[in-house]
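# Next comes the sequence, and after it the predicted model I'd like to discuss.
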Amino acid sequence: MRKNSFLNRTLPVLLTIASIVFMLVRSFQYADILPARLDESLYLYKGLLFAKGTYSPFEPYGLRTNKNPLSFLIPGWFQSLFGAGLRSGRIFSILLGLLTVIAIGLLVKKFTKNNWITTFAVSAIALNPFYAWIFAQFVSQSLVAALLAWMLVFTLGKDKPLWQIIVGTLLSVIIVQVRQNMLPIIPFVILYTYWEEGKKAGRISLISGVATFAVMTAIYWPGIVRNYFEVIPGTISSLVRNFVFLPNLEQPATTYSVQTIERVLAFTQGLRTHYVEILGIVLTNIFIFSRPKAKIKNFKAIIFLLITFSVLFLAHMWAAIFNDYCVFCFSNYLTFFGIIGTILFSLILFEGMDAPFPSFWNILGIISILLICSAAGFSIHQDSGHFLMELTVPRIKNLRIVPGSVELWTLLANKYGLNYDQLEMIIPSAFGFIIGLLIVVVAALTRKINRNPVSFLSISFLFVALLGSPLTFQMTEEQYSGTLKSCSSNIINTYESIGEYLDSQIEPNSKVWLWSLSGQIILSYIDDIQIYPPQLNHMFNYYIGGNSDELYRYGYWNEELALTWLEDADYAIVENSTFTGDVVKWINAEQFDELPHTVPINECNPADYFRIFRRK
């Protein structure tokens, strides 16, 4: 009896806690080695300026508010309480990660009453290095994921108290006020409440949701409406656009050309970094279509989660994969709502482990598993997949092993007439396929040997998730942090040292001209400076030509504005890696003295520092 209690209660709880601790430790490690990126710098520094009242969201001639206000204000308020800069922002993000996995655990335990399934759900997120990487930096994904997890805690289930329904609905509105790309969440929550709880609860959800959304939209009208143009269909957008003035912009300075193979690579990277979540969605679809509605205990909750994930997945796939602006943002985009896939996987394991699936669905499920595993293999073909190419294998001639050895890709190239570029994609994909097939075989043999009543398809998906995750997690680890570990020290201390040095060199109330791709966060350490707000977004809101006043009013800039501001500036700070092209000509020695540059941001790259120019 005690043994069963330990195995079914104590052990899974201990493993759940251990996985959470592992995530926290890894996130702090990543926070120590990852340089600030543009998005993180902008959320933190713009948020700080908004929180201090230096600027307001959507203010004319102010900061470009291309994401909804709370994505900036919430980290800004946190910095106001606990100090400005990277350290506060990253601690806040790690805390959001902790809140996210706690909410997942509470939700899954509530629905399944199963400690092992709860451990599975929490560990799928906590042990995934991609989530640790996201939570180690303050980006809006960490904030949205935490809000979404707790929204589901308050929303999902039947016979919820009215106060929980209101809180869940309000959280859905807050999510949208953080990121406009989550707009479908609000109507989906309201419709689910009507369906699950009835008309009274549905009306309360509708009134509280619409009223809160209307108030928050009115506060930032009309600027916030421009953000929604990014996420609503083009036909509707073109009609509404007539009522909200937009600047007549010319050609952006930054253009993109993306090859089809790059789009495929970005898509497969998304499947690999969210491996368990995608498996969960596939299994859920098979389960829903192969089971009578009456036999699905949590049918309404599952349908709500599945539709929400599917709509958001397709919308973000369109925004990333089928457009040119940020194709390789797809993996990041999935983090906004990826936790839904893990929750669904857990619910289906609880509901559908025993009942067998029809043969058609078994075949479709196995094909899906092999495709996902092959995609995971393909996703590493440009980096860590090279070790597969270079595997040493015995030489083969006339179907006989002969003395000597050769690299795998050379053997296959000689045998089939394929070139290196072709085999670079084929070999990792085949590796993923073979691993997936082997795991399915192991699952089938385990089921047969143990004479387990668990369905073949359920145990196959479970085994592929459990045994495949260590491989996909390692691939992700190599992609997102492996190159930095060997030479990076405490990056936060470095940024603070850079900020302290800049603060000592720049006089109070000076006008500072900035040219930096990702170092905007350093400005948060400098007291009492004036900036030129559109510069913070670097080249991503920089246009060729156009009406300068109109551009400036809406948070954009061009060469004319850059030169005007430079003439007005007391100091210029330039990230050394961006000190090329026009900016070299603009900052001439007759007008500026160059002060000693800062220490390098990253020990991996000694030339990665900031240059400081002071007007003579």
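Sure, I can see it.
# and the most centrally placed residue in the chain, what does it touch?
Nearest residue to the geometric centre of the chain (Cα atoms, centre = their mean): residue 332, 2.6 Å. Neighbour list for residue 332: 134, 139, 141 [criterion: Cβ atoms under 8 Å, 6 or more residues apart in numbering]. C-beta: built from backbone N, CA, C; applies to glycine.
# possible to save these as TSV with distance to residue 425?
As requested, the contacts of residue 332 are arranged in TSV below (distance: Cβ to Cβ, whole Å):
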residue	distance to residue 425
134	27
139	30
141	29
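# which of those residues has the most neighbours?
residue 134 (27 neighbours; other Cβ atoms under 10 Å).
# Low-confidence bits of this protein, can you list those?
Across the chain, the ranges flagged by pLDDT under 70 are 1-3, 233-256, 398-400, 402, 404, 452, 481-489.
# Which members of the contacts of residue 332 occur in helices, if any?
Among the contacts of residue 332, the members found in helices (DSSP state H) are 134, 141.
# Just the closest of the contacts of residue 332 to residue 370, please.
residue 134 (28.2 Å; Cβ to Cβ).
# Double-check that closest one against residue 334; I have them as touching.
No: counting by Cβ atoms under 8 Å, residue 134 stays clear of residue 334, with 10.3 Å between them.
# need the contact list for residue 519.
So residue 519 contacts 36, 41, 573, 575, 601, 610 (Cβ under 8 Å, 6+ apart).
# Which pair of those residues spans the longest distance?
So, the contacts of residue 519 by Cβ to Cβ: farthest apart are 36 and 573, at 14.4 Å.
# hang on, the earlier thing: what's the helix or strand for the residue nearest to the centre of the chain?
Per DSSP states H and E: residue 332 is located in helix 330-334.
# which of the residues in the helix or strand residue 457 falls within are buried?
Using DSSP H and E, residue 457 sits in helix 456-480. Neighbour-count burial for helix 456-480 flags 456-465, 468-469, 471-473, 475-480 (criterion: 16 or more other Cβ atoms under 10 Å).
# what do you get for stretch 497-508?
So, applying 16+ other Cβ under 10 Å, buried residues of stretch 497-508: 498, 499, 501, 502, 505, 506.
# Sitting in strands, which of these do you find?
Using DSSP state E, the subset of the buried residues of stretch 497-508 located in strands is empty.
# If you count contacts, what does the strand or helix carrying residue 124 end up packed against?
Using DSSP H and E, residue 124 sits within helix 115-126. For helix 115-126, the packing partners by 3 or more Cβ pairs under 8 Å, 6 or more residues apart in numbering; DSSP states H and E come out as helix 11-33, helix 86-112, helix 339-352, helix 456-480.
# Using JSON lines, please lay out those helices together with distance to residue 163.
JSON lines is the format used below for the helices and strands packed on helix 115-126 (distance: least, Cβ to Cβ, whole Å):
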{"stretch": "helix 11-33", "distance to residue 163": "28"}
{"stretch": "helix 86-112", "distance to residue 163": "17"}
{"stretch": "helix 339-352", "distance to residue 163": "23"}
{"stretch": "helix 456-480", "distance to residue 163": "36"}
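# Please convert the buried residues of stretch 497-508 to JSON lines, extending it with distance to residue 429.
Converted to JSON lines, the buried residues of stretch 497-508 look like this (distance: Cβ to Cβ, whole Å):
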{"residue": "498", "distance to residue 429": "43"}
{"residue": "499", "distance to residue 429": "46"}
{"residue": "501", "distance to residue 429": "49"}
{"residue": "502", "distance to residue 429": "48"}
{"residue": "505", "distance to residue 429": "53"}
{"residue": "506", "distance to residue 429": "53"}
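# Among these, which are located in helices?
Those of these lying in helices (DSSP H): 498, 499, 501, 502, 505.
# List the contacts of the third one.
Listed by Cβ under 8 Å, 6+ apart, the contact set of residue 501 reads 598, 599.
# Work out for me the element the nearest residue in space to residue 193 that is not next to it in sequence sits within.
Counting by Cβ to Cβ, 6 or more residues apart in numbering, residue 205 is the residue found nearest to residue 193 once chain neighbours are left out, at 4.0 Å. Secondary structure from DSSP H and E places residue 205 in helix 199-219.
# which of the residues in that helix are buried?
Neighbour-count burial for helix 199-219 [16+ other Cβ under 10 Å]: 201, 202, 204, 205, 206, 208, 209, 212, 213, 216, 217.
# can you redo these as JSON lines with distance to residue 174?
Below are the buried residues of helix 199-219 laid out as JSON lines (distance: Cβ to Cβ, whole Å):
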{"residue": "201", "distance to residue 174": "20"}
{"residue": "202", "distance to residue 174": "20"}
{"residue": "204", "distance to residue 174": "17"}
{"residue": "205", "distance to residue 174": "14"}
{"residue": "206", "distance to residue 174": "17"}
{"residue": "208", "distance to residue 174": "12"}
{"residue": "209", "distance to residue 174": "11"}
{"residue": "212", "distance to residue 174": "8"}
{"residue": "213", "distance to residue 174": "10"}
{"residue": "216", "distance to residue 174": "9"}
{"residue": "217", "distance to residue 174": "13"}
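# For the stretch 251-400 of the chain, which segments count as helices?
260-273, 275-290, 299-320, 330-334, 339-352, 359-378, 386-389 (DSSP state H, counting those that start in this stretch).
# can I get these in a markdown table with distance to residue 153?
Below are these laid out as a markdown table (distance: least, Cβ to Cβ, whole Å):
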| stretch | distance to residue 153 |
| --- | --- |
| helix 260-273 | 25 |
| helix 275-290 | 18 |
| helix 299-320 | 12 |
| helix 330-334 | 21 |
| helix 339-352 | 10 |
| helix 359-378 | 29 |
| helix 386-389 | 42 |
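# Need the winner for burial among these.
helix 339-352 (a mean of 25; mean count of other Cβ atoms under 10 Å).
# That helix packs against which elements?
Judged by 3+ Cβ pairs under 8 Å, 6+ apart, helix 339-352 is in contact with helix 86-112, helix 115-126, helix 140-155, helix 275-290, helix 299-320, helix 456-480.
# Out of the ones you listed, which gets nearest to residue 517?
helix 86-112 (16.0 Å).
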